[in-house]
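In: Just need the structure, nothing else, for what follows:
(2 chains)
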Amino acid sequence: MTEHTCTYTGDREEALVAYLYSEMAAAERAAFEPHLAACASCRAELIELGGVQTRLAQWSPPEPRRALTAPLASDVAAGRRWQALHDLPLWAKTAAAVLVAAAAVSVANLEVRYDADGLAVRSGWMAPPVAAPRASSAVPAADANAAAATLADTGAAARPATVAAAETAAIDAAVAARVSALRDELRQELSVRPAAADPAAIPAAASLERNQAALAEAVRQVRAQLEETDSRQQRELALRVAELRRDVDAQRQGDLVRIERALNVIQNQSVMGARQQQVMIDSLSRQVVNSLAVRTGQER
Amino acid sequence: MTWTDEELVARSIRGDTDSFNELILRWERPIYALAYRTIGREEDARDVCQETFLRAFRALPGFRGQAKFSSWLYRIALNLCRDWMRRERRTPTVQPPEDVDLIELAAASEPSESIEELVARQDLSRSVERLMAKLPEEQRTAIVLKEYHGLTFQEIADLVGCPLSTVKTRLYQGLSVLRRGLAGEADEAEERRAAALHAVRGPRVEKI
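Out: Prediction:
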């Protein structure tokens, strides 16, 4: 070990450190450099300290296994944190984020499954059972229920979300009114037929076609209603999905954090027809699952 | 378009969450690295990192730009680290080397590096980590801020709240302890190698 016998008159330790890090005032340097030229001990110690710096440079913290921070959303500002998400592995975190978004936009049921085949995320309607119109006994019960259910689920599941409640309520009211009117028309259409004593009576072919045509028209009208009021939100959401698509295609883990943040934006996009939301969430889920499947395949 | 920290702060104060998320993206790695090197545990460093940004977000309206945003953030992180260490009442621990995770090993290696080189590199890194963990907290903090975050002496002094010359003294003492420790480990390693060689070769046979 090197011995340090030195005759420097100033504070030797501070001078060495200041010189080591090149943070010496000009005057001090002018005093120290001549000493350095003459003092083997100081030179040797500087070299050794430099060696320590080289060793220090080799020490990096381990790569964090999970995202470092959860996205900042309005619920964070309100003081709550996404505590439950922190302890999940990444894929479950993403699935949970999708679930949170789906719940917030009132899309019925995202089903998340994980098994040996990996992650599967599906959205499915659980349309509330619809009472068949009383007078419809002439129409096969299955058709009437299915048709009515189709009609019901475009409007019934569109509940107002938290943001822009007034706007949402207005649109929902308009949609609900439209759906209600269509249901009335449907009921009227069905009640025109002679009520048969036998519920299994087969209706006239013409009536059935007319019925189905009326239903198709009704669904089309509801959809048009939703589209015309939601085009702006759709464009915004399409933009978000495009951004997400870019993120999903990227390789770094940090991108999944950005996905959460963008999904959080979807959460706040409340003024949206329920079916449009379903379509968007479906598409997004598929993209996320595909990205995760790709990444999992690479990591294995 | 890259905003400065100060611009992002201004926008965040006005309610733009995206801007604050951008600040998080920018600074979460350095804050995590600072926390990890100070307290030595990955999960707790993550928690400190998270909590740092949470507090920063809440305290943002009171941040008037009197210091750099990063300095302000570092101070929050260091205070949290200090609180953590006081609470846990322990010196930083070193992650025990678990069974080698081939995936992580492969991820950490340079393209042209052999496995032997990589393992050797990790050994060296672990010995530095061990020695740093043994340093007194203020020496370790000074070294971490200087070596890994490039703060000036004055910035460290302001951050930690001590005189300028004290910063230099702590750096010198900390580096010197590390120097002696590393030299000692090198000697020990050399002795172990020599002993292993001797065990393999056996005692030298005298030629008659």
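In: show me where pLDDT drops low in chain B?
Out: Low-confidence segments of chain B, defined by pLDDT under 70: B:1, B:89-116, B:119, B:200, B:202-208.
In: Break down it into its helices, ranges please.
Out: Using DSSP state H, the helices of chain B run over residues B:5-13, B:17-39, B:42-59, B:69-88, B:102-108, B:115-134, B:137-147, B:153-160, B:164-201.
In: With mean neighbour count and distance to A:Thr7 added, can I get those in TSV?
Out: From N, CA and C alone the C-beta is placed, and that goes for glycine too. Below are these laid out as TSV (neighbours: other Cβ atoms under 10 Å in any protein chain shown; distance: least, Cβ to Cβ, whole Å):
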stretch	mean neighbour count	distance to A:Thr7
helix B:5-13	17	47
helix B:17-39	21	37
helix B:42-59	20	45
helix B:69-88	18	38
helix B:102-108	12	47
helix B:115-134	16	31
helix B:137-147	22	27
helix B:153-160	18	25
helix B:164-201	16	18
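In: For A:Leu68, find the nearest of those helices.
Out: A:Leu68 lies closest to helix B:17-39 among the helices of chain B, at 4.5 Å (Cβ to Cβ).
In: Quick one: residues contacting the residue sitting nearest the centre point of chain B.
Out: The centroid of chain B falls nearest to B:Arg37 when counting by Cα atoms, centre = their mean (2.5 Å). The contact partners of B:Arg37, by Cβ atoms under 8 Å, 6 or more residues apart in numbering or on different chains, come to A:Trp59, A:Pro61, B:Met132, B:Arg140, B:Val144, B:Tyr148.
In: if I look at the residue nearest to B:Cys81 when sequence neighbours are not counted, how far off is chain A?
Out: Of all residues not flanking B:Cys81 in the chain, B:Thr38 sits nearest, at 4.5 Å (Cβ to Cβ, 6 or more residues apart in numbering or on different chains). B:Thr38 sits 10 Å away from chain A, going by Cβ to the nearest Cβ, to the nearest Å.
In: contacting residues for B:Thr38?
Out: B:Thr38 makes contacts with B:Leu78, B:Cys81, B:Met85, B:Pro92, B:Glu137, B:Arg140, B:Thr141, B:Val144, as judged by Cβ under 8 Å, 6+ apart.
In: quick one: which of those is nearest chain A?
Out: Of all these, chain A sits closest to B:Val144, with 9.2 Å by Cβ to the nearest Cβ.
In: Just to check, that closest one is in contact with B:Leu34?
Out: Yes - taking contacts as Cβ atoms under 8 Å, B:Val144 lies within contact range of B:Leu34: 6.5 Å.
In: Ignoring the adjacent residues along the chain, who's closest to A:Arg55?
Out: Sequence neighbours aside, B:Val128 is the residue nearest to A:Arg55 in space, at 5.4 Å (criterion: Cβ to Cβ, 6+ apart).
In: what residues are up against A:Ala18?
Out: By Cβ under 8 Å, 6+ apart, the residues touching A:Ala18 are A:Met24, A:Glu28, B:Phe153, B:Lys168.
In: Turn the residues you listed into CSV, including distance to B:Asp16.
Out: As requested, the contacts of A:Ala18 are exported to CSV (distance: Cβ to Cβ, whole Å):
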residue, distance to B:Asp16
A:Met24, 43
A:Glu28, 46
B:Phe153, 36
B:Lys168, 41
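In: Check the residues you listed and tell me the two furthest apart.
Out: Spatial extent of those (Cβ to Cβ) is set by the pair A:Glu28 and B:Phe153 at 12.4 Å.
In: quick one: buried residues of the helix or strand containing A:Ile47?
Out: Per DSSP states H and E, A:Ile47 falls inside helix A:40-57. Buried residues in helix A:40-57, counted by 16 or more other Cβ atoms under 10 Å in any protein chain shown: A:Cys42, A:Glu45, A:Leu46, A:Glu48, A:Leu49, A:Val52, A:Arg55, A:Leu56.
In: Contact partners for the residue nearest to A:Arg55?
Out: Contacts for B:Val128 were tallied using Cβ under 8 Å, 6+ apart; they are A:Arg55, A:Leu56, A:Gln58, A:Trp59, B:Leu178, B:Leu182.
In: Ok, A:Cys39 next?
Out: A:Cys6, A:Thr7, A:Tyr8.
In: With neighbour count and distance to B:Glu190 as new columns, can those be given to me in JSON lines?
Out: JSON lines is the format used below for the contacts of A:Cys39 (neighbours: other Cβ atoms under 10 Å in any protein chain shown; distance: Cβ to Cβ, whole Å):
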{"residue": "A:Cys6", "neighbour count": "15", "distance to B:Glu190": "29"}
{"residue": "A:Thr7", "neighbour count": "10", "distance to B:Glu190": "34"}
{"residue": "A:Tyr8", "neighbour count": "17", "distance to B:Glu190": "33"}
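In: what's the closest of the contacts of B:Val128 to B:Ala67?
Out: Nearest to B:Ala67, judged by Cβ to Cβ, of those is A:Leu56 at 26.3 Å.
In: circling back to that earlier point, check which helices and strands the helix holding A:Ile47 is in contact with.
Out: Judged by 3 or more Cβ pairs under 8 Å, 6 or more residues apart in numbering or on different chains; DSSP states H and E, helix A:40-57 is in contact with helix A:12-20, helix A:26-38, helix B:115-134, helix B:137-147, helix B:164-201.
In: okay, the angle between that helix and helix B:17-39?
Out: On the basis of axes from the mean of the first three to the mean of the last three Cα atoms, to 10 degrees, helix A:40-57 is oriented at 120 degrees to helix B:17-39.
In: quick one on the thing from earlier: how near is the residue nearest to the centre of chain B to B:Ser127?
Out: For B:Arg37, the distance to B:Ser127 (Cβ to Cβ, to the nearest Å) stands at 15 Å.
In: which residues sit in contact with A:Leu49?
Out: Contact partners of A:Leu49, counting by Cβ under 8 Å, 6+ apart, are A:Leu16, A:Val17, A:Leu20, B:Leu175, B:Ser176, B:Arg179.
In: and with 6 Å instead?
Out: Contacts for A:Leu49 were tallied using Cβ atoms under 6 Å, 6 or more residues apart in numbering or on different chains; they are A:Leu20, B:Leu175.
In: Okay, it and A:Ser22: tell me how far apart.
Out: 13 Å.
In: cool, A:Ser60 as well?
Out: When A:Ser60 is compared with A:Ser22 (using Cβ to Cβ), they lie 24 Å apart.
In: okay, those two: which has more neighbours?
Out: Legend: neighbour count by other Cβ atoms under 10 Å in any protein chain shown for A:Ser60 and A:Ser22, higher for A:Ser60 (13 against 7).
In: Assign the more buried one to helix, strand or coil.
Out: coil (DSSP: H, G, I helix; E, B strand; the rest coil).
In: Grab the nearest non-local neighbour of it.
Out: Distance criterion Cβ to Cβ, 6+ apart; nearest residue to A:Ser60, sequence neighbours excluded, is B:Ser125 at 7.0 Å.
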